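**Q** Sequence isn't available, so here's the structure alone:
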């Protein structure tokens with residue numbers, strides 16, 4: 001999906017694109033699955049925060065957050081989710097920023113058994129979205145407008161590509177592992193632009209980090 005985000009003072013708003021079993025991908029019910037791209041609104045001059053999360057069997061709490069290396073309000077940029085049985089990859093302009101591996105072998109549920117729908121929305125979340133809810137939506141700035149275009153969905157019928165297939169960076173999104181170039185890009189993004197990683201939050205998980213971490 002290509003998005004151009006709300007410009008100016010968008011504090012308290014969230015532009016979402018997600019897959020949810022309810023960017024967003026999601027399913028239905030108390031044990032729904034969900035894969036989230038959420039863009040947390042800002043005060044004029046402050047950067048947007050890109051919020052990502054993965055829910056499985058109704059349990060989320062797997063947040064990673066990033067600043068973007070461009071102004072997402074000035075032009076359209078492409079935000080992609082690769083959802084295959086062995087991993088979920090989040091991409092911005094074809095740069096992978098996050099990989100969530102299938103860790104069912106160590107008891108971590110993975111969203112692969114429920115069908116999901118694509119959802120998108122622009123909604124008020126001033127109870128948490130901007131500086132933890134400290135900055136409220138300024139309704140005098142309404143209407144708030146985000147732009148969507150270029151949605152595309154591709155079915156991956158095969159999850160075991162042949163060894164001779166192209167690399168991940170060359171567009172073989174079914175590849176079971178990121179190649180060297182893609183791993184380098186993930187490290188670059190996470191080193192320079194990641195601002196929160198649940199797998200490093202010892203205050204939240206004082207006893208032990210989640211097993212997939």
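**A** All right, it came through fine. What you are looking at is a predicted structure, and each value in this text was computed from that prediction instead of being measured.
**Q** Please spell out the segments of this protein that come in under the pLDDT threshold.
**A** Residues of the chain meeting the criterion pLDDT under 70: 18-29, 128-129, 131, 157-166.
**Q** now the helices: where do they sit in it?
**A** With DSSP state H as the criterion, the chain has helices at 180-192.
**Q** residue ranges of the strands in it, please?
**A** Here the chain has its strands, by DSSP state E, at 2-4, 13-20, 25-26, 34-40, 49-55, 64-67, 77-84, 87-92, 95-101, 117-124, 147-149, 194-197.
**Q** Including distance to residue 171, could these go into a markdown table?
**A** (Glycine included, C-beta is placed from N, CA and C.) Listed next are the strands of the chain as a markdown table, based on distance: least, C-beta to C-beta, whole Å:
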| stretch | distance to residue 171 |
| --- | --- |
| strand 2-4 | 17 |
| strand 13-20 | 20 |
| strand 25-26 | 21 |
| strand 34-40 | 20 |
| strand 49-55 | 22 |
| strand 64-67 | 23 |
| strand 77-84 | 11 |
| strand 87-92 | 11 |
| strand 95-101 | 12 |
| strand 117-124 | 21 |
| strand 147-149 | 21 |
| strand 194-197 | 25 |
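**Q** any idea how far the nearest residue to residue 9 once chain neighbours are set aside lies from residue 213?
**A** Leaving aside its sequence neighbours, residue 9 sits nearest to residue 44 (C-beta to C-beta, 6 or more residues apart in numbering; 4.6 Å). For residue 44, the distance to residue 213 equals 36 Å [C-beta to C-beta, to the nearest Å].
**Q** higher neighbour count, the two?
**A** Shown here are residue 44 and residue 213; by other C-beta atoms under 10 Å, residue 213 has more neighbours (14 against 11).
**Q** residue contacts, the closest residue to the more buried one other than its chain neighbours?
**A** Leaving out its chain neighbours, the residue that sits closest to residue 213 by C-beta to C-beta, 6+ apart is residue 199, at 3.6 Å. Residues in contact with residue 199 (C-beta atoms under 8 Å, 6 or more residues apart in numbering) are 209-210, 212-213.
**Q** All set now, cheers.
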